[in-house]
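A.B. asks: got a predicted model here, sequence first, then my questions.
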Amino acid sequence: MRLATWNVNSIRSRIDRVAQFLDRQDIDVLAMQETKCRDDQFPFEPFEERGYEVAHLGVNQWNGVAIASRVGLDDVELAFPGQPGFDKDAGESLISAPVVESRALGATCGGVRVWSLYVPNGRALHDPHYAYKLEWLAALRAAATDRLRADPAAAVALVGDWNIAPRDEDVWSMELFAGKTHVSQPERDAFDAFAASGFADVMRPFAPGPGVYTYWDYTQLRFPRREGMRIDFVLASPALAATVTDALVDREERKGKGASDHAPVIAEFDFAPAR
């Protein structure tokens, strides 16, 4: 099974590139983040023409997650158990309430439970969104741990844009990012907690770094200057991680006109899809 995750940064703007990527890389399952559209706006047809089923969760021009699979798409969940919401109007309205955002979508694809995840950005260390990010990660870890506790042999993939650079080598300049989100110790501890629960970053052994990135800002020529961050990951449960045979970042998709600011991460597993 070839599984990929990609923050496409607007699926309607990138659909031609995404379709060509599926063909070129022979992808079985693609998890997407930042689709930035409602369900009725999602371009299903190019996927269906290629034999993919698609599940999408999106409400507006923000966030949005999807899974496209040609090996089955079953038991779709629109949020993970206990997923917290964010109250963007906290303190400004007596009737405001947290909203569970379009950030997590799960489906079983060929026997693998795949979660497409768009982890909150955090914005700044003292912003309420940062506390929300840590709460969100803790709830995700609890849900994932409960799944493994119930079935230690479960094949589970937690994939997507984690908005965390877990090691110094995962960002081009620690000096530049000092005191900012994505590299703070609480965020890194939250990411490392998944490893403590049994989930493995399957790409790092195949692309150890430094200098291996998945995101480059559009500004200041970050991509040609190789000034990026590694913030997109495939974390696999023990049963699934034991079958990984290769993993890589497809930097070609960050090149050229109309590229997303993220590149896809691809992992290949010697795990025969149940069709």
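C.D. replies: Received it, and whenever you're ready, just let me know what you need.
A.B. asks: quote the end-to-end distance of stretch 5-15.
C.D. replies: One end of stretch 5-15 to the other measures 15 Å (C-alpha to C-alpha, to the nearest Å).
A.B. asks: avg pLDDT for it?
C.D. replies: For stretch 5-15, the mean per-residue pLDDT is 98.
A.B. asks: show me the contact partners of the helix or strand harbouring L30.
C.D. replies: Using DSSP states H and E, L30 sits within strand 29-33. Contact with strand 29-33 is made by 1-8, 11, 18, 22, 52, 64-71, 105, 109-110, 112, 114-118, 159-161, 264, as judged by C-beta atoms under 8 Å, 6 or more residues apart in numbering. (Glycine included, C-beta is placed from N, CA and C.)
A.B. asks: out of those, which are buried?
C.D. replies: For the contacts of strand 29-33, a neighbour count by 16 or more other C-beta atoms under 10 Å gives the buried set as 1-8, 11, 18, 22, 52, 64-71, 105, 109-110, 112, 114-118, 159-161, 264.
A.B. asks: mind listing which of those residues are in helices?
C.D. replies: For the buried ones among the contacts of strand 29-33, the ones inside helices are I11, V18, L22, with DSSP state H as the criterion.
A.B. asks: out of these, which is nearest to V99?
C.D. replies: Proximity of these to V99 (C-beta to C-beta) peaks at I11, which lies at 21.4 Å.
A.B. asks: contact partners for the nearest residue to that closest one once chain neighbours are set aside?
C.D. replies: Leaving out its chain neighbours, the residue that sits closest to I11 by C-beta to C-beta, 6 or more residues apart in numbering is T35, at 4.3 Å. Under the criterion of C-beta under 8 Å, 6+ apart, the contact list for T35 reads V8, S10, I11, F42, H56, G58, N63, G64, V65, A66.
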